[in-house]
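**Q** Task: produce atomic coordinates for the following.
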Amino acid sequence: MTEWLGEWASLFPLFLVGGTGLAVLLLDSMLSENSQLALVTGVALIGTAFVSIAISNDSVATLPETISHYFHTDRASLLGDAAICMGAGLAALFAGGYLREYRFERGEFYVLLIWATLGGMALAHSTHFLSFFIALETMSLGIYTLVAFRRHSPKAVEGALKYFLLGSFATAIFLFGSALIYAATGKLDFSGVAQGLDSARGEHLRLALIGIVLVLVGLAFKLSAVPFHMWAPDAYEGAPTPTTSYMAVVVKAAVGIGMLRLLMEALHIETLVAGAGSWPELLFWLSALTLVGGNLGAVVQRNVKRMLAYSSIANAGFLLMGIGAASRLEAPLRGDAIATVFYYILAYTASSSLALGSLIAAGSQGREAVSLTDLAGLGRRHPWIGIPFSLGTLSLMGLPPLAGFFSKYWVLLAAVRAGNDYLALGIVAVLMSTVGAYYYLRVLVYLFMRTGEESAPLAVPMRSGYVFSALLIASFFVLHMGIAPSPYVRLSHEASKAWEPGPSKDESNNQQIAQASP
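**A** Numbering: from 1, shown residues only. Sure thing, here's the model as predicted:
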């Protein structure tokens, strides 16, 4: 029994989230107030994040053969679990105040959020195109429904419909690309695909390259990378703001880590670069277009949720730049570049959750804060809203010593090390960050330096212990990751060792466990 538990212990975070989903289903029929489900969901998910970190600091055991063909557990996937669960837990706490305030609280919101989270976690662990696809769609289907959760709102229904239709096209593109890769290699597991690409020549190699491009385009839809971002502003604006927070952080973390694993384990960068040399350019152009399109699109927005939606798109550009830089570097610099991607995901999770959570707290049933004019003077009248809102936006802008500064700095450093065209891409990123400073600082101007029109009603902040607690947690991580980044840097570097050449620490631990086993 102990040996069986030891084999499955590294998947304990997924079991914990799945068990929470079942428990919330049961509690929904027993609790008199659905807002209590927010506390259960938030505490369970945030607790799972810390459990994932604790497991990653210990020896990571190999999984049984029955499942190891489809899933793999290492420090990369466990750190992904931590980021996904932290973002989802904060969104659940935000929902505890938001849904009750606007009087459309129903227990199924938390159930959908939990199962979508489980899909995102499975995506970070997947090592087979079949499990990868099932995990991706489990996450996506839950989010489609969460976007339309305010079913009487035309904007919510419109945003969900656009997201669903374009997401379905993205799924079809991803599946077609996977089929082409299977036709070229005869395999669907990542290690088998990598071996098949080693020996692919002529037509098979060209077929594989087309399949890889289609797979990456499908994932670019999920990341809302330009020019596949059309759904994002409408979906972010129409969705309940806790759903917006969830989409902004959880989808980025899950798809980013899933894409990284796909590139490093299945698509065999060295072989393809030597053989064809063209497909990594897709990451470069996706990143460049996303950085420019996201930042320029945010400048003209007056709606704060749409502005943060374009900000999320721009941050996807930084994420793609880090992954692309890693594809150009050799070890050990590649490991450093991969570590910057993980740190960026952690910092963005805290920063974006704080900004969107502050927007939730800024309004109430009397007047929901949506536009910039709604925020006029709010920071002066209610500093407990203005301070976390400022921390979140300044961190997204990249101001030291907040978490966002180091995340952007290290991604830019990876781009500079990659050289050539990525050096130019780093310059573009710096210029676009300057553009981003304009629309981020504009939020602070309205919060502290503007006064609303005399005839306009003032936004009244929400009074919710759930929202306030989530803001405290997010504020702590935004400050702590900037002032004392060492623990998070260490976790990111340990995670990057999953894809170092030769046996990693995880594999060494697995060998020691195997030798010690009877």
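**Q** Do you know the pLDDT at residue 234?
**A** pLDDT, residue 234: 92.
**Q** Equivalent analysis for residue 507, please.
**A** Listed pLDDT for residue 507 reads 44.
**Q** Equivalent analysis for the one 4 residues further on, please.
**A** As summarised for this prediction, residue 511 has a pLDDT of 40.
**Q** Ok, residue 324 next?
**A** Looking at residue 324, its pLDDT stands at 88.
**Q** which ones are touching it?
**A** 280, 283, 284, 287, 418, 422, 425 (CB atoms under 8 Å, 6 or more residues apart in numbering). To be clear about C-beta, it is placed using only N, CA and C from the backbone, and glycine gets the same treatment.
**Q** Name the nearest residue to the second one, sequence neighbours excluded.
**A** Counting by CB to CB, 6 or more residues apart in numbering, residue 283 lies nearest to residue 324, which is 3.6 Å off, once chain neighbours are set aside.
**Q** element containing that neighbour, please.
**A** helix 304-328 (DSSP states H and E).
**Q** What's the first helix or strand after that helix?
**A** helix 333-361.
**Q** tell me the mean pLDDT for that next one?
**A** In this model, helix 333-361 carries a mean pLDDT of 93.
**Q** Can you give me the buried ones in that helix?
**A** Within helix 333-361, the residues scored as buried using 16 or more other CB atoms under 10 Å are 334-361.
**Q** angle of that helix against helix 304-328?
**A** Angle, helix 333-361 to helix 304-328, by axes from the mean of the first three to the mean of the last three CA atoms, to 10 degrees: 170 degrees.
**Q** Mind giving me the packing neighbours of helix 333-361?
**A** Packing partners of helix 333-361 (3 or more CB pairs under 8 Å, 6 or more residues apart in numbering; DSSP states H and E): helix 75-101, helix 241-246, helix 252-261, helix 304-328, helix 383-397, helix 403-418, helix 465-483, helix 486-496.
**Q** now these as TSV including distance to residue 221?
**A** What follows is those, written out as TSV (distance: least, CB to CB, whole Å):
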stretch	distance to residue 221
helix 75-101	19
helix 241-246	18
helix 252-261	9
helix 304-328	11
helix 383-397	23
helix 403-418	22
helix 465-483	28
helix 486-496	25
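**Q** Please name whichever of those is nearest to residue 158.
**A** Smallest distance to residue 158 across the helices and strands packed on helix 333-361 (CB to CB): 13.4 Å, for helix 304-328.
**Q** where's the closest one relative to the chain centroid, distance-wise?
**A** Centre-to-centre, helix 304-328 and its host chain are 10 Å apart (CA atoms, centre = their mean, to the nearest Å).
**Q** With stretch 125-144 instead?
**A** Relative to the centre of its chain, stretch 125-144 is centred 14 Å away, using CA atoms, centre = their mean.
**Q** So which of the contacts of residue 324 belong to strands?
**A** The subset of the contacts of residue 324 located in strands under the criterion DSSP state E is empty.
**Q** of the residues you listed, closest to residue 39?
**A** Checking the contacts of residue 324 one by one against residue 39 (CB to CB), the nearest turns out to be residue 287, at 39.3 Å.
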